[in-house]
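# quick one, fold the following:
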Amino acid sequence: MRYVFSVVLVVAAVLTFSSIGTMRGPGNVTAVEDGIGRLSDQRIKDKVEEIEDPLEKILSLRGVQFVWGEKSRTPNKKGIGMIAQEVQEVFPMIVSTDSEGFRKVDYEVLVAPLIGAVKEINDRDVDEIKALKKQNADLIEEYRVMKAWICAKDPEAEFCPKPDPEEQQ
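Model (predicted):
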């Protein structure tokens, strides 16, 4: 048996280890795959694709605050998180059901769509900034041409450059 755990736990009880790499103790502590980290090696993945519409999917999720109900392991304690049933509608692969029938969200997996959403926002903003810079340059050039035309027609206009008196001598 080989265990790779990169986590420090302070638990006032005995922890048991199974041959599949699961660590159990009070509070339903579970280490997944090879410890807390997940296998992510390209060599073990097939059909790799970008997540479609990650920003739209992330925006459809709700972050909520709540008080744990009587059926929970920590009744009346305040918490923050998401509702597993809602997450399951968007990302079914990150919601599981425990032995008591309660649904759990694998929050760490949300990192991938969050990265996709940030990239989508960045790409959109970069494109918008480029378009605005071009529009600004076009307007500056238009302003320069219009100013030159007006100054040719009315050199006394207040925004037209005045001849330097020393250059006239």
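
# contacts and neighbour counts: CA atoms only from here.
Fine.

# quick one: what helix or strand has the residue nearest the centre of the chain in it?
Centrality entry for the chain: nearest residue to the mean C-alpha point is residue 114, 2.8 Å, by Cα atoms, centre = their mean. Per DSSP states H and E, residue 114 falls inside helix 111-153.

# elements contacting that helix?
Where contact means 3 or more Cα pairs under 8 Å, 6 or more residues apart in numbering; DSSP states H and E, helix 111-153 is packed against helix 54-59.

# and stretch 82-95, which residues are buried?
82, 84, 87-88, 91, 94-95 (16 or more other Cα atoms under 10 Å).

# can you put these in TSV and add secondary structure?
Output for the buried residues of stretch 82-95, formatted as TSV (DSSP: H, G, I helix; E, B strand; the rest coil):
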residue	secondary structure
82	coil
84	helix
87	helix
88	helix
91	coil
94	helix
95	strand
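
# turn those residues into TSV, including pLDDT.
Shown next, in TSV, are the buried residues of stretch 82-95 (pLDDT from 0 to 100):
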residue	pLDDT
82	97
84	97
87	97
88	97
91	97
94	95
95	96
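
# nearest to residue 106 among those?
For the buried residues of stretch 82-95, the minimum distance to residue 106 (Cα to Cα) is 5.2 Å, reached by residue 94.

# can you count the residues close to the closest residue to that closest one other than its chain neighbours?
Closest residue to residue 94 apart from its sequence neighbours, by Cα to Cα, 6 or more residues apart in numbering: residue 106 at 5.2 Å. By the criterion of other Cα atoms under 10 Å, residue 106 has 13 neighbours.

# how much space between residue 106 and residue 84?
From residue 106 over to residue 84 the distance is 9 Å, taken as Cα to Cα, to the nearest Å.
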